[in-house]
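>>> Return a 3D structure for these sequence lines:
(chains A and B)
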Amino acid sequence: MTILVTKETKVLVQGITGGAGAFHARQMLDAGTSIVAGVTPGKGGQRFDDRIPVFDTVAEAREATSADASVIFVPAPFAADSVMEAAAAGIALIVCITEGIPTLDMVRAREFLAGTGSRLVGPNCPGLIAPPVSQKLGITPHRVTRPGRIGVISRSGTLTYEAIGQLTALGLGQSTCIGIGGDPVGGMDFVDCLDLFERDPETDGVIMIGEIGGSAEEQAAAFIKEHVRKPVAAFIAGVTAPPGKRMGHAGAIIAGGKGTAAEKIAALKEAGVAVSPTPAAIGETMAGLL
Amino acid sequence: MKIHEYQAKELFRKHDIPVPAGEAVFDVEQAAAVARRLIAATGNETVVVKAQIHAGGRGKGGGVKVVKGEAAAREAATKILGMQLVTHQTGPEGKKVGRLLIEQGMGIARELYLGLVIDREKRRICLMASTEGGMEIEEVAANTPEKILKAWFEPAAGLRSFQARDLAFGLGLTGKQMNRGVKVMQSLARLFAEEDASLVEINPLVVTAEGEIVALDGKINLDDNAAFRHQIRKELRDESEEHPVEAEAAALGFSYVGMDGDIGCCVNGAGLAMATMDIIKHEGGEPANFLDVGGGADAETVKQAFKIILSDARVKAIFVNIFGGILRCDVLAEGVVGAAKEMGIEVPLVVRLEGTNVEIGRKILADSGLKIHTAQDMGEGARLAVGLARGEGGAK
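Below you'll find the model as predicted:
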């Protein structure tokens, strides 16, 4: 089994007619994803690549196709609104790929989501991919994945691909890989995902990839200590990052001496997590626990 | 982005937060003229001359002088303007002072602290208030955390009156001062949301001898992601405060942070870029930079990235670590070869590529006739780069 998506999940793509949306919608189709609709305001009635119906609003798309998940490729100034539109239409799983959304827009969107049953993955993330059911809701290069029983949770995009590539090279397939994003305020965090993987009978172990900034890894460590019995391997990026500098991701900054890689690694080790000494040994570290 | 104190105070004024009378100046004559006007208008001889740089600790570094009279103000301005101001936040080289804020002096009865940040755990804005104004707030948080009062709010609802009252009472404000304190806190909360700030700090917020509440200092950081909806950001930008290479990289859509080592890094993705620096260090080397060229790297991207990396003369080797995934490695390899030939790159180049057509990509690199070393994985790439930077000939 996989988490968050199944073979039956019906996916819509918000921003399907834009450059990134169109490119990645085609990649998602190539990966086997069940895309049932696209949404671009003002382009309702068109068909994307002569096959996928495009709607003006998420509500119309959901009404017509029963889509229950959405992937958002809408530009940053409008992306938080798109998240709220999807939630208002009753979309259960919202995956926001967009990078560069104002932080307070996400604070407002989170407040809006609190009153709904919707789950948010991202933003500023590669989305999620579930190889056993050939569903890709995002931009992860699906050709490096392989169906299997390892879960992956990560704040970074290309570092996730790195970990997936290492697992696949070792013959270890993945159940679901989730990029939770590099922004200070986002949707699901490590704890939410760890909880789902712990309860998934077809996931045997979990890799979590964190980085400097915030305290999500420390919270994950506390949760693992109490609630997770499956083996967890981790890598934390940014041991060499200088304090006070934003390292690419808006959320990757050591502020006021807090959020260092050393603190996070110590907390994870204390919780019994195997922390990979280098980014090249993430797969091996996981394999060593199985 | 960071802005100057005087710019923060302009935003305070716009949002009805009381600040001392004052003006920003760029030369000594202007400084003396502003001091003269302030003394004439207030009848108060005390004037404060404050260096405007994007760093804290200016007072301790000698960048803030409280003086009496125009002549003393002129003398202080002459001393501070153009000085290389060193504080605990500037690094040992310091920052050159090009702007001053000339302000009216104040009789101070109490010094308080107000700060606003985004609480990542609670996913809300957090207002912090403390009676320990004038101190480093990190020190207060570490030593006497009970002296920091907090209230959380979300931007649409704003800071409620009762929340502000709770904090005002906690600061020991009563009567009219309590009402003034509440107003300052609510105005500051509105400023944070309306200006898309990421940090706002008033340290100290003073109660004057007359019982007024005034922002004696001001610090505001703004969320870069929200720049598109704030025209004023262009005016607030001070390019002389920016690291020239970081600014150049940002204009190209890259993220660059200079480090002290000798191995230049060219990576796609922030997490992988940090991890690349980490693995270089793990292998015994020192990275010269963090460089994230973004998700979709192409030939032109590589060329621009090489220019930026090589602007640091200490670089002895370059490690290109690209996990393309969807990107075609043959295209990227041609880009690397083209850039290396065109620019006549003399330092050894280690390239690790992953993605579609990776074998063809490696062959293009091997057949290029250039001293390009290819690596199968990032561990091997890091080891090669570290060895080559030390002058050891790595295996091709």
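>>> what about residue B:103, how many residues close to it?
26 (other C-beta atoms under 10 Å in any protein chain shown). For the C-beta atoms, the positions are set from N, CA and C on the backbone; glycine is no exception.
>>> Show me where the stretch 101-250 of chain A has its strands.
In the stretch 101-250 of chain A, the segments counted as strands under DSSP state E, counting those that start in this stretch are A:119-121, A:127-130, A:135-138, A:147-154, A:174-179, A:205-211, A:232-237.
>>> Would you mind giving the ones you listed as TSV with mean neighbour count, mean pLDDT and distance to residue B:93 added?
Rendered in TSV, the data for the strands of the stretch 101-250 of chain A read as follows (neighbours: other C-beta atoms under 10 Å in any protein chain shown; pLDDT from 0 to 100; distance: least, C-beta to C-beta, whole Å):
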stretch	mean neighbour count	mean pLDDT	distance to residue B:93
strand A:119-121	24	98	43
strand A:127-130	28	98	43
strand A:135-138	28	98	43
strand A:147-154	24	98	37
strand A:174-179	27	98	38
strand A:205-211	28	98	28
strand A:232-237	28	98	28
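>>> among those, which is nearest chain B?
Across these, the minimum distance to chain B, taken as C-beta to the nearest C-beta, is reached by strand A:232-237, at 4.0 Å.
>>> The helix or strand hosting residue B:111: what's the following helix or strand?
Element membership for residue B:111 (DSSP states H and E) is strand B:108-119. Using DSSP H and E, the helix or strand that directly follows strand B:108-119 along the chain is strand B:124-130.
>>> residues of that next one that come out buried?
Neighbour-count burial for strand B:124-130, with 16 or more other C-beta atoms under 10 Å in any protein chain shown as criterion, is recorded at B:124, B:125, B:126, B:127, B:128, B:129, B:130.
>>> Then stretch A:276-290?
Residues A:276, A:278, A:279, A:280, A:281, A:282, A:283, A:284, A:285, A:286, A:287 are the ones in stretch A:276-290 that count as buried (16+ other C-beta under 10 Å).
>>> Those into CSV, with extra columns for secondary structure, pLDDT and distance to chain B?
CSV is the format used below for those (DSSP: H, G, I helix; E, B strand; the rest coil; pLDDT from 0 to 100; distance: C-beta to the nearest C-beta, whole Å):
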residue, secondary structure, pLDDT, distance to chain B
A:276, coil, 97, 10
A:278, coil, 96, 5
A:279, helix, 97, 4
A:280, helix, 96, 3
A:281, helix, 97, 7
A:282, helix, 97, 9
A:283, helix, 97, 10
A:284, helix, 97, 10
A:285, helix, 98, 13
A:286, helix, 98, 16
A:287, helix, 97, 15
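>>> Let me know the closest of the buried residues of strand B:124-130 to residue A:259.
Nearest to residue A:259 out of these is residue B:126 (C-beta to C-beta; 15.6 Å).
>>> Any idea what the closest residue to that closest one other than its chain neighbours is bridged to?
When the adjacent residues along the chain are set aside, residue B:126 lies closest to residue B:119, with 4.1 Å between them (C-beta to C-beta, 6 or more residues apart in numbering or on different chains). The bridge-partner assignment for residue B:119, based on DSSP bridges, gives residue B:124.
>>> of all the residues in the stretch 251-396 of chain B, which ones are close to chain A?
For the stretch 251-396 of chain B, the contact set with chain A under C-beta under 8 Å from any C-beta of the partner chain comprises B:255, B:257, B:259, B:267-282, B:287, B:290, B:292, B:295, B:323-326, B:354-356, B:377-379, B:382.
>>> The stretch 51-200 of chain B too?
Contact residues of the stretch 51-200 of chain B with respect to chain A, defined by C-beta under 8 Å from any C-beta, are listed as B:89, B:118, B:120-121, B:123-125, B:138, B:141, B:154-156, B:193, B:196, B:198.
>>> which residues touch the closest residue to chain A within the stretch 251-396 of chain B?
With C-beta to the nearest C-beta, the shortest gap between the stretch 251-396 of chain B and chain A falls at residue B:271, namely 2.2 Å. Neighbour list for residue B:271: A:154-160, A:182, A:209, A:211, A:237, A:248-249, A:252 [criterion: C-beta atoms under 8 Å, 6 or more residues apart in numbering or on different chains].
>>> That one belongs to a helix?
Yes - note on residue B:271: a helix contains this position according to DSSP: H, G, I helix; E, B strand; the rest coil.
>>> Poorly predicted segments of the chain, please.
The chain I'm using is chain A. A:1 (pLDDT under 70).
>>> Can you look at chain B instead?
Within chain B, the ranges that satisfy pLDDT under 70 run B:295-297, B:325-326, B:393-396.
>>> relative to its centroid, which residue of it is most remote?
Relative to the average C-alpha location in chain B, and by C-alpha atoms, centre = their mean, no residue lies farther out than residue B:367, which sits at 43.6 Å.
>>> Without its sequence neighbours, what residue ends up closest to the residue in the stretch 51-200 of chain A that chain B sits nearest to?
Using C-beta to the nearest C-beta, the point where the stretch 51-200 of chain A gets nearest to chain B is residue A:156, with a distance of 2.2 Å. Counting by C-beta to C-beta, 6+ apart, residue B:271 is the residue found nearest to residue A:156 once chain neighbours are left out, at 2.2 Å.
>>> thinking again about what came up before, among the residues of the stretch 251-396 of chain B next to chain A, name the ones in helices.
For those, membership in helices holds for B:270-282, B:378-379, B:382, with DSSP state H as the criterion.
>>> Most neighbours among those, which one?
Within those, most neighbours by other C-beta under 10 Å means residue B:273, with 34 neighbours.
>>> wait, isn't that one in contact with residue A:249?
No - under the criterion of C-beta atoms under 8 Å, residue B:273 lies out of contact with residue A:249, with a separation of 9.8 Å.
>>> thinking again about what came up before, now do the strand holding residue B:111 against strand B:124-130, angle only.
Calculated by axes from the mean of the first three to the mean of the last three C-alpha atoms, to 10 degrees, strand B:108-119 forms an angle of 160 degrees with strand B:124-130.
>>> helices or strands next to strand B:108-119 in the packing?
Here strand B:108-119 touches helix A:103-114, strand B:124-130, helix B:137-143, helix B:175-194, strand B:197-208, going by 3 or more C-beta pairs under 8 Å, 6 or more residues apart in numbering or on different chains; DSSP states H and E.
>>> Helices of the stretch 51-200 of chain A, residue ranges please.
In the stretch 51-200 of chain A, the segments counted as helices under DSSP state H, counting those that start in this stretch are A:58-65, A:76-88, A:103-114, A:158-169, A:190-199.
>>> Let me have these in TSV, extended by mean neighbour count and distance to chain B.
Shown next, in TSV, are the helices of the stretch 51-200 of chain A (neighbours: other C-beta atoms under 10 Å in any protein chain shown; distance: least, C-beta to the nearest C-beta, whole Å):
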stretch	mean neighbour count	distance to chain B
helix A:58-65	18	21
helix A:76-88	22	6
helix A:103-114	22	5
helix A:158-169	26	3
helix A:190-199	20	11
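>>> In a markdown table: the ones you listed, plus distance to residue B:96.
As requested, the helices of the stretch 51-200 of chain A are arranged in a markdown table below (distance: least, C-beta to C-beta, whole Å):
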| stretch | distance to residue B:96 |
| --- | --- |
| helix A:58-65 | 53 |
| helix A:76-88 | 35 |
| helix A:103-114 | 32 |
| helix A:158-169 | 38 |
| helix A:190-199 | 43 |
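>>> Identify the residues contacting the residue of the stretch 101-250 of chain B found nearest chain A.
Using C-beta to the nearest C-beta, the closest approach of the stretch 101-250 of chain B to chain A is made by residue B:226 at 3.7 Å. The neighbours of residue B:226, taking C-beta under 8 Å, 6+ apart as the test, are A:102, A:103, A:104, A:105, B:196.
>>> now do 7 Å
For residue B:226, the contacting residues are A:102, B:196, taking C-beta atoms under 7 Å, 6 or more residues apart in numbering or on different chains as the criterion.
>>> Cheers, nothing more for now.
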